[in-house]
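Engineer: could you look at this predicted model? Sequence included:
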Amino acid sequence: MSGVVDGIARTMLAIELDEGGEWIAWLDCGHRRHLRHRPPLTSMPWLLDAEARAARVGQRIECGRCAQCEPPDSLRAGRLVAFDEDTLPQGLRAEHRLREGAWARLEIDAGELRFVMPMLAIDRLLGPGDAQWIPPALEHHVAPGPSVHVRLSFFRVADRDPRPEVANSQQS
């Protein structure tokens, strides 16, 4: 597989000012992305108008952190499951994806497991002590080796930080 993706398209849930007065987009993957109108480097004139900013909410924008399988800080732990080569479900061996807003962390306790995520050109053989973060909505599959024991931890994106001072500053 060749070619690395620079970003994964994610939905903007909100556009707000951060503590430093910079515009940020809250993305459905849990990441925050700074938005800047600084021509000629970046041109986002819609940031200068409240109505234009509001119209962008719900639109897609690339998230570079998802392309690096970097989890957001705002994850909340969910369930934990463990499998071996006999109990690993067929659905995980076939192409599948996590739902929007869900992340997973695959950890290998023993043996080996092949992890493949074509969109990000990932094809890794994981061994004891190795882990792989899995972003939302990206197709992937696994192939277990003999005597493999894996843990799969699921997480969900936490609600964004409702800071009144940020919400009030958005009206300007």
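Structural biologist: Alright, I've got the coordinates.
Engineer: in this structure, which spans are strands?
Structural biologist: For the chain, the strands defined by DSSP state E occupy 8-17, 23-27, 32-35, 60-63, 75-84, 102-110, 113-117, 122-126, 131-134, 141-144, 149-157.
Engineer: which of the ones you listed sits most buried?
Structural biologist: strand 23-27 (a mean of 21; mean count of other C-beta atoms under 10 Å). (C-beta placed from N, C-alpha, C; glycine too.)
Engineer: could I get it in CSV with only the CA atoms?
Structural biologist: What follows is strand 23-27, C-alpha atoms only, in CSV (Å, rounded to 0.1, in the frame of the first residue of the first chain):
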residue,chain,number,x,y,z
TRP,A,23,-11.0,30.0,16.3
ILE,A,24,-11.3,26.2,16.8
ALA,A,25,-13.7,23.6,15.3
TRP,A,26,-14.9,20.9,17.6
LEU,A,27,-15.0,17.7,15.4
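Engineer: and Trp26, what is it in contact with?
Structural biologist: If you count contacts by C-beta atoms under 8 Å, 6 or more residues apart in numbering, Trp26 has them with 12-16, 32, 160.
Engineer: and it, bridged to which residues?
Structural biologist: With DSSP bridges applied, Trp26 shows beta-bridge pairing to Ala14, Arg32.
Engineer: any idea how far Ala102 is from it?
Structural biologist: Noted for Trp26: a distance of 17 Å to Ala102, by C-beta to C-beta, to the nearest Å.
Engineer: thinking again about what came up before, go through the strands of the chain and name the closest to Leu92.
Structural biologist: strand 141-144 (5.6 Å; C-beta to C-beta).
Engineer: run through the chain and note the low-pLDDT ranges.
Structural biologist: Applying pLDDT under 70 to the chain flags the ranges 1-5, 160-172.
Engineer: mind checking the end-to-end distance for stretch 19-31?
Structural biologist: End-to-end distance of stretch 19-31 (C-alpha to C-alpha, to the nearest Å): 16 Å.
Engineer: meant to ask about stretch 101-119, not that
Structural biologist: 18 Å.
Engineer: what of stretch 133-149?
Structural biologist: First-to-last distance for stretch 133-149 - C-alpha to C-alpha - comes to 17 Å.
Engineer: before we move on, what about stretch 38-47?
Structural biologist: Note: stretch 38-47 ends 11 Å apart using C-alpha to C-alpha.
Engineer: do stretch 12-21 as well
Structural biologist: One end of stretch 12-21 to the other measures 18 Å (C-alpha to C-alpha).
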